[in-house]
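[1] Mind folding the following:
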Amino acid sequence: MVDEPILVLAATGGQGRAVTDALLRRRARIRVLVRDPDRRAARELAKQGVEVVAGSLSDRGSLAAAMSGVASVFAFTTPFEAGVEAEVGQGRAILSSATQERVPHLVFSSVAGADQESGVPHFDSKARIEAELASGDVPYTILGPTYFFDNALGGAERILGGILDLPLPPDRPLQQLARADLGAFAAQVLLNPAPYVGQRIELASDAPTPTQMAASLSAALGREVRHEQVPLAAIGNPDMHAMWRFLNGPGYRVDIPALHDAHPEIRWTRFADWAHRTWATAH
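    Residues are numbered from 1 along each chain as shown. Coordinates of the predicted model:
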């Protein structure tokens, strides 16, 4: 077991919380960086013995202080609050703080497809951060999550009304990931970095088609949910439009059988099982 704490950035967000929960199950020493330690989610972590410190992904001072004396760092950046240039700025702040504090290992959660010159703004910003990480002095591992199962929750009302809106053909598989699987995989890398240093590993739990997703949601809810293909032209947000164009084109390229065979210790989640757990109480 690692003696020094593992630092999780943005620990009350979806990815950070999944990683923190997985580390708690492994009984690791954990330090988390959050914007507001008084938020309920942060207070709950503190009650579980997690060391909670205040800071921001763009503030080098708070990042460096949080990284002092850690065994490893789980890092995450986001363009969805202030744009892609702000995201690259977060990446640079994280990397410079990790360099300054001589962090032994940094796990960066990027995105699957960031290395494919996809033309998706929030993929390309992560590719820029990956390039700086790879050319720096901090030992690193890059994880590339695919589309999260939880993204379906953004359309929860429509799903409860019987419609799964997705801008994909009904028979087009969409590689996806359970947040819990990301958390379990990241925890493993953080606690045992040696086999993973310098690697870029893309992650997917399952690859259901929209028709299969709708069938799983129907089974979970006990009533019919049908897929409705949203026209690409109806997606006004340029970043999201570019992402769905990519997913309709080359798409993610995770070799799911090889990944799962190489990591049988992760309980890879099927979309149908996630749907049942998430929606079975929403009758």
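[2] where along the stretch 151-283 of the chain do the helices fall?
    156-160, 179-191, 210-221, 238-248, 256-262, 271-279 (DSSP state H, counting those that start in this stretch).
[3] Quick one: end-to-end distance for stretch 21-29.
    Using C-alpha to C-alpha, to the nearest Å, one end of stretch 21-29 lies 12 Å from the other.
[4] What residues of that stretch count as buried?
    D21, A22, L23, L24, R26, A28, R29 (16 or more other C-beta atoms under 10 Å). In this view, the C-beta of every residue, glycine as well, is placed from N, C-alpha and C.
[5] From L232, how far out is the third one?
    Distance, L23 to L232, using C-beta to C-beta, to the nearest Å: 39 Å.
[6] What of the second one?
    Distance check for A22 against L232: by C-beta to C-beta, it reads 36 Å.
[7] Now do the phi/psi pair for A204.
    Per-residue torsions, A204: phi -150, psi 140 (degrees, to the nearest 10).
[8] Contact partners for it?
    A204 sits next to A112, T146, Q175, Q176, L177, Y252, V254, I256, L259 when contact means C-beta atoms under 8 Å, 6 or more residues apart in numbering.
[9] and those, which of them are in strands?
    With strands taken from DSSP state E, the overlap with the contacts of A204 comprises Q176, L177.
[10] farthest pair in the contacts of A204?
    Longest distance between any two of those is 13.1 Å, between Q176 and L259; criterion C-beta to C-beta.
[11] what about those two, which has more around it?
    Shown here are Q176 and L259; by other C-beta atoms under 10 Å, Q176 has more neighbours (26 against 17).
[12] what about the strands in the stretch 1-150 of the chain?
    For the stretch 1-150 of the chain, applying DSSP state E, counting those that start in this stretch gives strands covering 6-9, 30-34, 51-54, 72-76, 106-109, 140-145, 147-148.
[13] Would you indicate which residues of stretch 274-281 are buried?
    For stretch 274-281, by 16+ other C-beta under 10 Å, it's W274, A275, T278, W279.
[14] cool, stretch 165-176 as well?
    Burial within stretch 165-176, assessed by neighbour count using 16+ other C-beta under 10 Å, is assigned to L166, P167, L168, R172, L174, Q175, Q176.
[15] Distance check, the last one against M213.
    Meaning Q176. Using C-beta to C-beta, Q176 is found at 9 Å from M213.
[16] In space, what's closest to I256 - neighbours in sequence excluded?
    A204 (5.2 Å; C-beta to C-beta, 6 or more residues apart in numbering).
[17] residue contacts, the residue sitting furthest away from the middle of the chain?
    In the chain, the greatest distance from the average C-alpha position (C-alpha atoms, centre = their mean) is reached by R223, at 30.3 Å. Residues in contact with R223 (C-beta under 8 Å, 6+ apart) are G162.
[18] Check G155 too.
    Residues in contact with G155 (C-beta under 8 Å, 6+ apart) are L164, D165.
[19] before we move on, the earlier item: would you mind checking which of the buried residues of stretch 165-176 is nearest to S58?
    Taking C-beta to C-beta as the measure, Q176 is the one of the buried residues of stretch 165-176 closest to S58, at 29.5 Å.
[20] Point out where this protein drops to low pLDDT.
    The model of the chain has pLDDT under 70 over residues 1-2, 282-283.
[21] Select the longest helix from it.
    Assignment by DSSP state H gives helix 84-100 as the longest helix of the chain.
[22] what angle sits between it and strand 140-145?
    Interaxial angle of helix 84-100 relative to strand 140-145 (axes from the mean of the first three to the mean of the last three C-alpha atoms, to 10 degrees): 150 degrees.
[23] one step back: mind putting the strands of the stretch 1-150 of the chain into a markdown table with mean neighbour count and distance to W244?
    Output for those, formatted as a markdown table (neighbours: other C-beta atoms under 10 Å; distance: least, C-beta to C-beta, whole Å):
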| stretch | mean neighbour count | distance to W244 |
| --- | --- | --- |
| strand 6-9 | 29 | 28 |
| strand 30-34 | 25 | 32 |
| strand 51-54 | 16 | 37 |
| strand 72-76 | 27 | 22 |
| strand 106-109 | 25 | 21 |
| strand 140-145 | 24 | 17 |
| strand 147-148 | 20 | 10 |
